[in-house]
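Novice: prediction below, plus the sequence it came from.
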Amino acid sequence: MLENIKSKYVLIKVFSYLNIKPKLTILLSNKYLYNKTGISPDSFKFYNQKYIEYESDTKVKEYNRANGKLIYHGEYLNKKRNGIGLEINELECFEGEFNKGKRHGKGAEFNKEGKLSFEGEYINGKRNGKGTEYFSNGEIKFEGDYFDGKRWNGKGYHKGKDFTLSVQNFLEYGNKNDIENNDMINKTVFTLKYGSGFAREYDNYSNLIFEGWYINGMRNGKGKEYANNDIIIFEGEYLNGKRNGLGKEYNEQNELIFQGEYKEDKKWNGKGKEYNEQGELIFQGEFKEGKKWNGKGEIISINDKNKIIIYNITNGEGYIKEYKYYNSKIGELISEWKYKNGEKNGKVNEYDKYGTLIFSGEYYNGKKRGKGKEYHSCDIIKFEGEYLVGKRCGKGKQYDNYGKLEYEGEYSYGKKSGRGKEYNKNGILIYEGEYFNDYRNGKGKEYDENGILIFEGENLYGKRDGKGKEFNSKGILIYEGEYSYGKRDGKGKEYDEKGILIFEGEYLNDIRIKGKEYDKNGKLVYEGGYFKGKQNPQEIEYDKNGNIIYEGGYIDGFRGGKGKEYNSKGILIYEGEYLYRQKHGKGKEYNEKGILIYEGEFMNGDKTKGKEYYENGMLKFEGTYIFNKPENGEFYDESGKFVKSYIGHIY
């Protein structure tokens, strides 16, 4: 079916029948040997550390980012697999046609041993059209039509197997005499029409895994499932591919473990046994509507011979208890609970492996709900409060390892959230306020070890953040202002131990950076900047490259007083007075060469009255300004000769 495929990238062993000379050899272990280049399998992983390596505009190699293994080799279009290509993964290999990144057209699949498992047609990544499946020994398994990835019309074969299905099942699909004589070699054993009919399924090693009826490509009607060595593990009814209806289930020792009704692959109504994933028998009795309904007994754990489970369920309700089990004698209680509606319900006591009580409270549908208590070892209370969907939710109290209260308040989904209070080991209140996700979050109050208020304000993720107030041990306000990550940060005011204002300004990481200081009488004694928390009236500003662009005074956090300004080359371009970061008062301006071009007065950054100069130092203009342009005054030429006087705006 691949006669028209003309690929250069093929598996030598698999595609030799195509009579195509390959460009490369690929080993199914995903180590690659390029015949042409001679690169060894161990040395070839990433080429130029690229995920996709382009051989040309239309041919590429794709690699797995995680391990560097080749996963595709072939044609590309618009950044997608398009045309003839070879696709490889850990389980199979595909050689054929692609369209817009999906298998589309003719192609063939090979298993991890390199043996042909399917050849046929594809549409949008799924088997669609004519196709043939093969067993690992090369014999035909099924041939016919496929639709949306499923067998639809065709015939299935199997060689060298004996089947024991009743003759009437084959009247329409096989030769009656051959079936009665078990002579099925090279004979058709099932026929599908529009995905419907009787069929047998085999794994890749020719082991029978299912036989029964299909409708629209899915198990529907009666059928049997098999495990190793053709052992029946289920026989019964199916609907839309799942166990549905009456059935019997067996273990691999062919022992009946359930007989009754199934629904959506689950035991639904009837008598049976239930095992967990470790193979431990967890229930023996009657099921009703998918839930344990009637049963009792003693079950010794398979994985833990020192544990025994005793249960008694009547009409869907009862008690289940787990005990330690020593020398055929029942020991300490491990857990006990009320059973209702298939789950733990009502009052429940749970114990650790040593028989110590760890929880006592209410369950609903298998999860903690309502009031309950948790315990440390030695019956010491750990938590008491409310639960919802298995987690602490509502009001509750938490205790330390000694049973002393350390928190009381609200919880949400297992974490402190809402209003709450914290206590130290002596039982003294140290915090009250808001929480979120186990952190102090929102407004709250902190207290010292003696219960005296030391902070009141906002918190974020357990640290002071936002606005707040600090108090000393006598309850006197010593700071009010802004915080960030637990430190004073932003605007704030500081007070002495008598509550007198001594500083107001800005902080960064608990350190003063700009502000005003006052004496005990409220008189201003300093205004300006700080360096490492100490007074520093003259400050220096730098640009992003570390060049000095300003040095001088500050007032209220802005350039204020006398200062100097520089360009990025370090040339002085202004010296004089500032107010609120703008030139204000007397000052001098210089050009990019450092030559004086103006001296006079400024207001809010603009020239108001002064003199302008040429670069040769001669006077150019003297007078008043408006919007930084001459308004009234006298002009001179570069030789210093008077030119004219002017009254009005000059543009």
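Specialist: Thanks, I have it. Residues are numbered from 1 along each chain as shown.

Novice: what's the residue nearest to residue 558 when sequence neighbours are not counted sitting at in phi/psi?
Specialist: Spatial nearest neighbour of residue 558, excluding adjacent residues (Cβ to Cβ, 6 or more residues apart in numbering): residue 581 at 4.4 Å. Any C-beta I mention is one placed from the backbone N, CA and C, and that applies to glycine too. Dihedral pair for residue 581: phi 80, psi -10, per degrees, to the nearest 10.

Novice: can you pull out the helices in this protein?
Specialist: 176-180 (DSSP state H).

Novice: could you point out the longest strand in it?
Specialist: For the chain, the strand with the greatest residue count under DSSP state E is strand 329-340.

Novice: residue contacts, the residue nearest to residue 558?
Specialist: If a contact means Cβ atoms under 8 Å, 6 or more residues apart in numbering, then residue 581 has 558-560 as its contacts.

Novice: touching, residue 359 and residue 373? I think so.
Specialist: Yes - in this structure, residue 359 is within contact of residue 373 by Cβ atoms under 8 Å, at 7.0 Å.

Novice: the two - which one has more neighbours?
Specialist: residue 359 (19 against 16; other Cβ atoms under 10 Å).

Novice: list the contacts for the more buried one?
Specialist: Contacts here follow Cβ under 8 Å, 6+ apart; on that basis residue 359 touches 348-350, 368, 372-375.

Novice: now, among the residues you listed, which is nearest to residue 120?
Specialist: Minimum distance to residue 120 across the contacts of residue 359 is 55.4 Å, recorded for residue 368 (Cβ to Cβ).

Novice: and that closest one, how close does it get to residue 345?
Specialist: 11 Å (Cβ to Cβ, to the nearest Å).

Novice: and the residue nearest to residue 558, how far is that from residue 608?
Specialist: In terms of Cβ to Cβ, residue 581 sits 18 Å off from residue 608.

Novice: can you get me a residue count around the residue nearest to residue 463 when sequence neighbours are not counted?
Specialist: Spatial nearest neighbour of residue 463, chain neighbours left out: residue 486 (3.7 Å); criterion: Cβ to Cβ, 6+ apart. Under the neighbour criterion other Cβ under 10 Å, residue 486 is assigned a count of 15.

Novice: which phi and psi does residue 486 have?
Specialist: Phi and psi for residue 486, reported as degrees, to the nearest 10, are phi 90, psi 0.

Novice: quick check: end-to-end length of stretch 61-73?
Specialist: End-to-end distance of stretch 61-73 (Cα to Cα, to the nearest Å): 5 Å.

Novice: let me see the contact set for the residue nearest to residue 62 when sequence neighbours are not counted.
Specialist: Nearest residue to residue 62, sequence neighbours excluded (Cβ to Cβ, 6+ apart): residue 72, at 3.9 Å. Residue 72 sits next to 60-62, 81, 85-88 when contact means Cβ under 8 Å, 6+ apart.

Novice: out of those residues, who's nearest residue 623?
Specialist: Taking Cβ to Cβ as the measure, residue 623 lies nearest residue 60 of the contacts of residue 72, at 75.8 Å.

Novice: help me confirm that that closest one comes into contact with residue 52.
Specialist: Yes - here residue 60 reaches residue 52: they are 5.4 Å apart, a contact under Cβ under 8 Å.

Novice: neighbour count winner among these two?
Specialist: residue 60 (19 against 12).

Novice: what distance do you get for that one to residue 589?
Specialist: Residue 60 sits at a distance of 64 Å from residue 589 (criterion: Cβ to Cβ).

Novice: more neighbours: residue 368 and residue 345, which one.
Specialist: Legend: neighbour count by other Cβ under 10 Å for residue 368 and residue 345, higher for residue 368 (23 against 19).

Novice: give me the beta-bridge partners of that one?
Specialist: For residue 368, the beta-bridge partners are residue 363 (DSSP bridges).

Novice: touching, it and residue 360? I think so.
Specialist: No - at 10.6 Å, residue 368 does not count as touching residue 360 under the criterion of Cβ under 8 Å.

Novice: returning to that earlier point: neighbour-wise, which one of the contacts of residue 359 leads?
Specialist: When neighbours are counted by other Cβ under 10 Å, residue 368 leads the contacts of residue 359 with 23 neighbours.

Novice: any idea of the pLDDT on it?
Specialist: At residue 368, the model reports a pLDDT of 92.

Novice: count of residues packed around residue 135?
Specialist: 19.

Novice: also residue 326?
Specialist: Neighbour count for residue 326, taken as other Cβ under 10 Å: 12.

Novice: show me the contacts for it.
Specialist: residue 306.

Novice: and it, how close does it get to residue 336?
Specialist: 19 Å.

Novice: before we move on, what about residue 360?
Specialist: Going from residue 360 to residue 336 by Cβ to Cβ gives 10 Å.

Novice: shared neighbours of these two, anything?
Specialist: 348-350.
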